[in-house]
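# Predicted model follows, preceded by the sequence.
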Amino acid sequence: MPNKGIHGSQVSDRKGRKFESETDQKRGRNRRNLDPYVMDEGRPEPAVCIRCHAVYKNKHWYFEENEFKYLRENREAVETACPACQKITQSYPEGVVTLRGDYLWHHEEEIRNILKNEENKAMAKNPLERIMRMEREGDNLVIETTEEKLAEHLGRALNKAHQGELKIDWSDEHSLCRVTWERSA
């Protein structure tokens, strides 16, 4: 019997599926199928993203500038926009991180640097995990991400570095993650 995590979601099973909700199991879907920008059947290979220069090969996106140049120069790849670039263009965030509190504005530069460094680490592993925007809205700093797990990761990394109150909320089908971090003085 698989282990159950909070909210009844499956943590993992012997087949390696992670973070699959019971609703997804009943519908016979895995998490990936819920992303409207990821094609279930894959896409023609090789492909290159003309915006960010990511390469799609063996059903994975990755950054390799020399390979991008070679494929594009020799017209060996389909030119497209990767799912992350499509989400950014169409303003379709899957994660929203809201930071608030006086502490934030006294340490703004350091906090922004932590968030950008964490984004860079995530992008090195998966170029589809990106910060779409990071803007001040009133007394809050709002960050939108292309992937829900990146939003959760940013909140946890910031909380680890600066403590505070962290709240992570997932929508019913895990298609949107809202993270709130707050610290007063």
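Yep, that arrived.

# Only C-alpha atoms from now on, for both contacts and neighbour counts.
Will do.

# Could you measure from the residue nearest in space to the middle of the chain over to A84?
By CA atoms, centre = their mean, the chain has its centre lying nearest to E147, at 2.2 Å. Using CA to CA, to the nearest Å, E147 is found at 8 Å from A84.

# I'd guessed the residue nearest to the centre of the chain sits against M132; true?
No. Here E147 lies out of contact with M132, judged by CA atoms under 8 Å, at a distance of 9.7 Å.

# Between those two, which contacts overlap?
Listed as contacting both E147 and M132 by CA atoms under 8 Å, 6 or more residues apart in numbering are P93.

# pull the longest helix from this structure.
Looking across the chain with DSSP state H, the single longest helix is helix 108-125.

# Which pLDDT value goes with the residue lying farthest from the centre of the chain?
Most distant from the centre of the chain: N74, at 31.6 Å, with distances by CA atoms, centre = their mean. pLDDT for N74: 89.

# Please report phi then psi for it.
phi -90, psi 10 (degrees, to the nearest 10).

# Now do it against P46, distance only.
For N74, the distance to P46 - CA to CA - is 12 Å.

# Quick one: low-confidence residue ranges for the chain.
By pLDDT under 70, the weakly predicted segments of the chain are 1-33, 40-41, 173-174.
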